[in-house]
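Asks: how would this look folded up:
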Amino acid sequence: PVLQVKGQAGESVLSLDPDFLQALDMAKISSSPVKPGKSSGETGIRLPVSGGVIDLNGFIGTVNHSGGILLTGLDGSKVKLHNLRLELGGGTPQVSGIVQVNGGLVGEFALFDIVIYEDSDIDVNKNGRLVGSGLGLTLTQEAADALLTALGISLSAGDDVASLDSKARLRGFNPKFVDD
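Replies: Take a look at the predicted model:
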């Protein structure tokens, strides 16, 4: 069955990787949440789920988010990565989003590859929640290029950016949809 992801009924938490934070710090770049995202602990950003769609038969679909990440250089240059969308199925799962530099729209493209580790979990529980935990986010080449151009920071595709934990409620869910 294909189910809608309910808006305002879930969240994802990006816990920024220590090496990524160190690279930002060395380049004098600060990170902060884009509203309605909020800080979560010392290194996390909590983003509300705003909708999406999932096909449970093939585990293909998207989970959309409001908010994002703002990166600000010492010179005041700003890169906003927002309206993040988890994209599952059809190859490497990714996070895409809108990129703005100093208020101007650059475009929408894949920002992070989602890495599924041995201890990662992606599942739909009996309460109709799509749950992903312990997932990794690594930088795509497009995102690395955008950050180099806008902020002068040299990062590589495949660099660890964050870990990802996500929960989203599915509209029209029936417990018969999941196996015991």
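Asks: So Leu56 is in contact with Leu88, correct?
Replies: No: using CB atoms under 8 Å, Leu56 makes no contact with Leu88, being 11.1 Å away. The C-beta positions use only the backbone N, C-alpha and C, and glycine is treated the same way.
Asks: the more surrounded of these two?
Replies: More neighbours surround Leu88 than the other of Leu56 and Leu88, with 19 against 16 (other CB atoms under 10 Å).
Asks: So what sits opposite the residue nearest to Val95 when sequence neighbours are not counted in the bridge?
Replies: Sequence neighbours aside, Phe112 is the residue nearest to Val95 in space, at 4.3 Å (criterion: CB to CB, 6 or more residues apart in numbering). Beta-bridge pairing for Phe112 (DSSP bridges): Val95, Leu139.
Asks: can you check Val34 too?
Replies: Counting by DSSP bridges, the residues bridging with Val34 are Gly68.
Asks: Could you do Leu88 as well?
Replies: Gly61.
Asks: Could you list the residues in contact with stretch 104-117?
Replies: 81, 83-84, 86-87, 92-100, 122, 134-140, 142-143, 146, 158, 161-162, 164 (CB atoms under 8 Å, 6 or more residues apart in numbering).
Asks: Pull out the buried members of those residues.
Replies: Neighbour-count burial (16 or more other CB atoms under 10 Å) is assigned, among the contacts of stretch 104-117, to 81, 83-84, 86-87, 93-100, 122, 135-140, 142-143, 146, 161-162, 164.
Asks: So which residues of the protein form strands?
Replies: Counting by DSSP state E, residue ranges of the strands within the chain are 2-16, 29-34, 38-40, 44-55, 60-65, 68-73, 78-88, 94-101, 104-115, 121-124, 129-139, 160-171.
Asks: so which of these gets nearest Val178?
Replies: strand 121-124 (5.4 Å; CB to CB).
Asks: how about Val5, what does it touch?
Replies: Val5 neighbours (CB under 8 Å, 6+ apart): 49, 51-54, 61-64, 130, 168-171.
Asks: I'd like to know which elements the helix or strand of the chain with the lowest mean pLDDT is packed against.
Replies: Least confident helix or strand, the chain: strand 121-124 with a mean of 90, by mean pLDDT, DSSP states H and E. Contact here means 3 or more CB pairs under 8 Å, 6 or more residues apart in numbering; DSSP states H and E; on that basis strand 121-124 packs against strand 129-139.
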